[in-house]
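how would this look folded up:
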Amino acid sequence: TNLVNNAVKFTERGQITIAIGKVADEKDGIRLRFSITDTGIGLTPEQMGKLFNAFSQADSSTSRKYGGTGLGLSISKRLVELMQGEIGVESQAGVGSIFHFTACFGVRPAGSHEPEEDPARHPLSAESARILHGARLLLVEDHPVNRELAMEILHGAGIRVEIAVNGEEALFKLKEKRYDGVLMDCQMPVMDGYEATRRIRENPALESLPILAMTANALGEEREKCLECGMNDHIAKPLDVAGLFVTLARWIKQARQTDGADAQDETMEEVTDPGRARLPRIPELEMDQALRRMGGSTTLLKRMLTRFHETQKSFPERLITLQTAGNQETAIRETHTFRGLAANVGALDLVKKARDVEEILKCDLRSPAFPAAMAALTQEHRRLFARLDQTFSDMNASDARKPQGSVNVDPEALSLEMREMAHLLGEYDSTAGNKVHAMVKKLQILGLATLAEDLRKSIEQYEFEESLDILTKIAQTCAIRL
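This is a model prediction of the structure:
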């Protein structure tokens with residue numbers, strides 16, 4: 001896209017032609033050649049000689065007139081080389097340019113008639129599973145709901161995950177332990193992902209550590225910014241499970257081969273969906289798209305909807321407070337995070353309204369356009385949350401009407417479950433989240449619904465120390481020794 005954008009930028013009249021052709025058959029696929037021909041301003045031989053260097057443009061007048069940092073072509077060259085290709089240019093000043101590159105692509109063998117699998121049902125290929133199982137990642141993410149979603153997906157692939165809530169904490173953890181890769185949120189308080197990555201790259205021992213950006217800004221400028229500070233690749237939010245695994249496998253494979261570590265060849269879990277949660281159709285949400293992003297797990301999507309409903313109900317009021325107080329940085333970050341969370345659950349109309357507000361906040365916190373954009377976002381927010389209020393109320397009422405079966409709870413079985421839960425929480429093991437729901441039902445039967453709900457929420461927010469305190473209170477109430 002950078003080459004096409006440049007052709008459009010530098011061509012005031014005439015035409016732009018994009019061509020793709022097969023160069024050769026390779027052992028594992030084919031090599032293709034891409035060319036972008038324009039009738040723009042063209043280049044001199046001297047300009048072509050330095051064009052693919054970082055921060056280089058044709059000359060300073062080009063930068064002043066057309067803008068840009070000069071990083072785009074350097075990054076394009078790097079990406080092409082990663083795809084085992086070459087990039088070049090043919091040009092004549094005042095006539096136009098032809099930028100071209102080659103790259104290798106895998107193909108399905110001729111005569112293969114295997115049915116294509118739905119990536120929503122099988123988001124993890126056998127090869128990616130082999131590479132990723134047992135890998136240790138550092139997830140750097142400040143928002144608890146985003147952490148919860150990423151942890152659920154990654155644990156389902158057998159990946160060991162540790163958490164840092166900002167860049168400063170990530171730097172500390174990287175001094176203490178070795179990781180196979182880092183998933184780095186870009187916008188965080190204390191220290192953002194860009195600064196954290198720059199500091200990581202200052203350490204020669206971490207020069208080859210894969211750092212993958214996670215951001216809701218999927219624009220070309222954002223990707224360039226990520227690569228400029230030293231990140232290896234870019235993963236767009238909302239997360240697409242299949243795409244996430246493909247990107248992770250590509251970089252984790254390189255890192256583990258470099259370190260001489262072999263990926264464990266063990267049977268993989270898929271993203272689990274125990275019991276397939278009941279999920280009502282909500283007209284305001286693109287449910288099919290959201291479900292696809294969750295790897296086909298209705299249980300995970302229901303949990304994300306619940307967390308979105310719990311944590312974002314007061315978002316408009318919070319944002320107006322920040323805007324009134326003149327806190328531009330936090331207002332932008334909160335809106336950016338909200339937009340990603342809305343996209344996770346398929347609230348696309350809300351995503352568009354939030355994007356409009358975010359762009360206005362970036363330009364001018366006191367912009368006269370802000371009230372109208374904020375009013376549109378608030379209206380859409382109220383419409384969706386009124387629907388969610390009613391949906392969850394109906395679901396709770398339906399669950400209450402269901403026969404609970406025997407009201408007896410086996411005290412011995414409950415004791416064992418609580419001791420196991422205490423062990424998991426003490427080890428900061430996120431699989432506690434998979435076990436808490438069955439325990440909650442038993443505690444509700446015993447009349448401990450409030451404590452049970454507090455336990456569920458704290459575990460789902462990965463507040464394990466707080467969860468252990470709540471579990472201790474429950475155990476004391478039930479006269480159970482942990």
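
C-alpha only now, for contacts and for neighbours.
Fine.

Pretty sure residue 90 sits against residue 51.
No. Look at residue 90 against residue 51 with Cα atoms under 8 Å: they stay out of range, at 11.6 Å.

Which of these two has more residues huddled nearby?
Comparing residue 90 with residue 51 by other Cα atoms under 10 Å, the one with more neighbours is residue 51, at 21 against 15.

What's the separation between the more buried one and residue 175?
Per Cα to Cα, to the nearest Å, residue 51 is found 38 Å from residue 175.

ok, now residue 97?
For residue 97, the distance to residue 175 (Cα to Cα) stands at 48 Å.

So for these two, which residue has more residues nearby?
For residue 97 versus residue 175, neighbours defined as other Cα under 10 Å are more numerous around residue 97 (23 against 11).

Low-confidence ranges, the stretch 251-400 of the chain, go.
Flagging of the stretch 251-400 of the chain using pLDDT under 70 yields the residue ranges 254-278, 398-400.

What values do phi and psi take at residue 368?
When read as degrees, to the nearest 10, the backbone of residue 368 gives phi -60, psi -10.

Quick check: buried residues in the biggest helix by length in the chain?
Longest helix of the chain, by residue count under DSSP state H: helix 370-401. Using 16 or more other Cα atoms under 10 Å as the burial criterion, the residues of helix 370-401 that qualify are 370, 373, 374, 376, 377, 378, 380, 381, 384, 385, 388, 391.

and the next element down the chain from it?
Once helix 370-401 ends, the next helix or strand along the chain (criterion: DSSP states H and E) is helix 411-426.

quick one: average confidence on the helix or strand following that next one?
Under the assignment DSSP H and E, the closest C-terminal helix or strand after helix 411-426 is helix 432-445. For helix 432-445, mean pLDDT is 85.

what angle sits between helix 432-445 and helix 411-426?
Interaxial angle, helix 432-445 versus helix 411-426 (axes from the mean of the first three to the mean of the last three Cα atoms, to 10 degrees): 140 degrees.

and helix 432-445, what does it pack onto?
Helices and strands touching helix 432-445, as assessed by 3 or more Cα pairs under 8 Å, 6 or more residues apart in numbering; DSSP states H and E, comprise helix 411-426, helix 449-460.

Show residues contacting the last one.
Applying Cα atoms under 8 Å, 6 or more residues apart in numbering, the contact partners of helix 449-460 are 148, 432-433, 436-437, 439-440, 443-444, 464, 466-467, 470-471, 474.

And for the longest one?
Counting contacts by Cα under 8 Å, 6+ apart, the residues outside helix 411-426 that touch it are 430-432, 435-436, 439, 464-465, 467-468, 471, 475, 480-482.

One more: stretch 327-343?
With Cα under 8 Å, 6+ apart as the criterion, stretch 327-343 contacts 143, 145-146, 187-188, 216, 237-238, 290, 308, 312, 315, 319, 322-323, 348, 350-351, 354-355, 357-358, 361-362, 365.

Keep only those of those residues that are in strands.
Assignment to strands by DSSP state E places none of the contacts of stretch 327-343 there.

Just the buried ones from these?
The neighbour count (16+ other Cα under 10 Å) marks 143, 145-146, 187-188, 216, 237-238, 290, 308, 319, 322-323, 348, 350-351, 354-355, 357-358, 361, 365 as buried among those.

which SS state does the spatially closest residue to residue 302 that is not a sequence neighbour fall under?
Distances taken as Cα to Cα, 6 or more residues apart in numbering place residue 279 nearest to residue 302, at 6.5 Å, with adjacent residues excluded. Assigned with DSSP: H, G, I helix; E, B strand; the rest coil, residue 279 falls in the coil class.

do residue 24 as well
Going by three-state DSSP: residue 24 is strand.

dump the residue contacts of it.
By Cα under 8 Å, 6+ apart, the residues touching residue 24 are 30, 31, 32.

who's in contact with whatever helix or strand residue 172 lives in?
Using DSSP H and E, residue 172 falls within helix 167-176. Residues from elsewhere that reach helix 167-176 (Cα under 8 Å, 6+ apart): 138, 140, 164, 188, 190, 191, 192, 193, 195, 196, 199, 200.

Strands along the stretch 51-200 of the chain, start to end?
Assigned by DSSP state E, counting those that start in this stretch, the stretch 51-200 of the chain shows strands spanning 87-92, 96-106, 136-140, 160-164, 181-185.

tell me what the longest one is packed against?
Using 3+ Cα pairs under 8 Å, 6+ apart as the contact criterion, the neighbours of strand 96-106 among helices and strands are strand 29-38, helix 72-82, strand 87-92.

Pull out the buried members of the contacts of residue 24.
Among the contacts of residue 24, the ones that count as buried by 16+ other Cα under 10 Å are 31, 32.

Can I get the contacts of residue 24 in TSV including pLDDT and distance to residue 421?
Below are those laid out as TSV (pLDDT from 0 to 100; distance: Cα to Cα, whole Å):
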residue	pLDDT	distance to residue 421
30	85	52
31	86	53
32	90	54
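
can you list the contacts of residue 24 in CSV and add distance to residue 75?
Below are the contacts of residue 24 laid out as CSV (distance: Cα to Cα, whole Å):
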residue, distance to residue 75
30, 23
31, 20
32, 19
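
List just the nearest of the contacts of residue 24 to residue 297.
residue 30 (35.1 Å; Cα to Cα).

The closest one touches residue 106, doesn't it?
Yes. At 6.5 Å, residue 30 counts as touching residue 106 under the criterion of Cα under 8 Å.

who touches residue 87 in this structure?
Residue 87 makes contact with 77, 80, 99, 100, 101, 102, according to Cα under 8 Å, 6+ apart.

quick one: the third one and residue 35 touch, right?
The reference is to residue 99. Yes. With contact defined as Cα under 8 Å, residue 99 counts as touching residue 35 (5.6 Å).

Over to residue 19: give its phi and psi.
Here is the backbone geometry of residue 19 (degrees, to the nearest 10): phi -130, psi 150.

so it makes contact with residue 36?
Yes. Assessed by Cα under 8 Å, residue 19 is found in contact with residue 36 at 6.6 Å.

Just the pLDDT for residue 112.
On the pLDDT scale, residue 112 is placed at 41.

Report the residue spans of the stretch 101-250 of the chain with pLDDT below the cut-off.
Where the stretch 101-250 of the chain drops to pLDDT under 70, the residues are 107-124, 217-220.

all helices for it, in order.
Applying DSSP state H, counting those that start in this stretch to the stretch 101-250 of the chain gives helices spanning 126-132, 144-156, 167-176, 193-201, 220-228, 241-258.

Make CSV out of the ones you listed and add distance to residue 85.
Listed next are those as CSV, based on distance: least, Cα to Cα, whole Å:
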stretch, distance to residue 85
helix 126-132, 23
helix 144-156, 31
helix 167-176, 33
helix 193-201, 26
helix 220-228, 19
helix 241-258, 17
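
Tell me how many other residues surround residue 223.
Residue 223 has 21 nearby residues by other Cα under 10 Å.

Check the gap between it and residue 300 for me.
The separation that residue 223 has from residue 300, given Cα to Cα, amounts to 28 Å.

Then residue 310?
Plainly put, residue 310 is 15 Å away from residue 300 if you go by Cα to Cα.

circling back to that earlier point, so for residue 126, which of the helices and strands packed on strand 96-106 sits nearest?
Relative to residue 126, the nearest member of the helices and strands packed on strand 96-106 by Cα to Cα is strand 29-38, separated by 18.8 Å.

Partner strands of the closest one, with direction?
Sheet pairing of strand 29-38 (DSSP bridges) gives strand 16-26 (antiparallel), strand 96-106 (antiparallel).
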